[in-house]
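Asker: Show me the folded form of this:
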Amino acid sequence: MAVTASLLGLEKKSLREQALAALRTAITSGELEPGRHLVETELSELLQISRGTLREALRQLEQEGLISAGPRGRMSVRHLDVKEIRDIFAVRGVLESLAARTLSDMPDKEAVLTELRAAVDAMDKAAASSLEERIESDLEFHRTLCRLSGNETLLHSWESLEGSIRMSIMFAGLERATRNMSVGRHHDIVAAIETGNAAKARETIIEHMNGAAENLVG
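Answerer: Residues are numbered from 1 along each chain as shown. So this is what the prediction gives:
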């Protein structure tokens, strides 16, 4: 396995968390491509951690949906097909449209709108940064949307999909991935919520998700 920057040795502090972060980055960036078998001896050497610590990180990544176990227990980077991509965005559309409708119906939305605008501004700033920062700022906008709804079940459901969401981002390569991170598309969501029209807010989210899915698989 070639030595790459995000998989080089980690500091002592919270080795498991650092291993998780490094492996997530390597997977979502495509550095560890879909279908790639994960060899414990190679990864533990690259990350300079014990195989026990590595296994803990791999178990977490499996729970998140980033990797999967084969028939003989060998771990590999999960590969999504077109149907799975459409399914992921369809479920996101249901969850996030509920969040948008809830926010739209709030009588006093100013604090919510301020936080959402700040999340879009963070996306704008990240546009000139690394792919990792762009992905994180995009995810943070959608996580914030769900969190601000005050519906803990909704937020938990969204977070349970996060591994699959991360896998879907790079499905069709960098150019299409960054197209889905357009700041303008996310401003549209905030503007729809601001109108106070719950149906419009819902429709905007559904269009956002359908468009993102089609961009990746079309």
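
Asker: Dead centre of this structure: give me the residue that sits there.
Answerer: Ranked by distance to the mean C-alpha position of the chain (C-alpha atoms, centre = their mean), the top residue is residue 166 at 3.6 Å.

Asker: Just give me the longest helix of this protein.
Answerer: helix 82-104 (DSSP state H).

Asker: Quickly find the element holding the residue with the largest distance to the centre of the chain.
Answerer: Using C-alpha atoms, centre = their mean, the residue of the chain lying farthest from its centre is residue 107. It sits 30.2 Å away. Using DSSP states H and E, residue 107 sits within no helix or strand.

Asker: measure it to residue 196 for me?
Answerer: 9 Å (C-beta to C-beta, to the nearest Å). Where you see a C-beta, it was placed from the backbone N, CA and C, and this is true even at glycine.

Asker: And residue 157, by the same measure?
Answerer: Residue 157 is 25 Å from residue 196, by C-beta to C-beta.

Asker: now residue 71
Answerer: For residue 71, the distance to residue 196 - C-beta to C-beta - is 53 Å.

Asker: who's more crowded, the two?
Answerer: Ranked by neighbour count (other C-beta atoms under 10 Å), residue 71 and residue 196 place residue 196 first, with 14 against 5.

Asker: Assign the more buried one to helix, strand or coil.
Answerer: Assigned by DSSP: H, G, I helix; E, B strand; the rest coil, the conformation of residue 196 is coil.

Asker: From here on, call the first residue 18.
Answerer: Okay, using 18 as the starting number, the last item reads as residue 213.

Asker: Could I get the pLDDT score of it?
Answerer: Per-residue confidence (pLDDT) for residue 213: 98.

Asker: Where do the helices of this protein begin and end?
Answerer: Along the chain, the stretches classed as helices by DSSP H are 32-45, 57-64, 68-81, 99-121, 127-143, 148-165, 169-177, 179-186, 191-197, 200-211, 215-234.

Asker: Can you say which of those is nearest to residue 92?
Answerer: helix 68-81 (5.6 Å; C-beta to C-beta).

Asker: now the angle between helix 32-45 and that closest one, please.
Answerer: 50 degrees (axes from the mean of the first three to the mean of the last three C-alpha atoms, to 10 degrees).

Asker: Report all helices and strands that helix 68-81 contacts.
Answerer: helix 32-45, helix 57-64, strand 84-86, helix 179-186 (3 or more C-beta pairs under 8 Å, 6 or more residues apart in numbering; DSSP states H and E).

Asker: by contact count, what packs against the first one?
Answerer: If you count contacts as 3+ C-beta pairs under 8 Å, 6+ apart, helix 32-45 packs onto helix 57-64, helix 68-81, helix 148-165, helix 179-186.

Asker: And these: which comes nearest residue 35?
Answerer: helix 57-64 (8.0 Å).

Asker: For the closest one, buried residues please.
Answerer: Within helix 57-64, the residues that qualify as buried are 60, 61, 62, 63, 64, counting by 16 or more other C-beta atoms under 10 Å.

Asker: And stretch 221-229, by the same measure?
Answerer: For stretch 221-229, by 16+ other C-beta under 10 Å, it's 221, 222, 223, 224, 225, 226, 228, 229.

Asker: Export those to a markdown table and append columns for pLDDT and distance to residue 193.
Answerer: As requested, those are exported to a markdown table (pLDDT from 0 to 100; distance: C-beta to C-beta, whole Å):
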| residue | pLDDT | distance to residue 193 |
| --- | --- | --- |
| 221 | 98 | 21 |
| 222 | 98 | 20 |
| 223 | 98 | 20 |
| 224 | 98 | 17 |
| 225 | 98 | 15 |
| 226 | 98 | 15 |
| 228 | 97 | 11 |
| 229 | 96 | 9 |
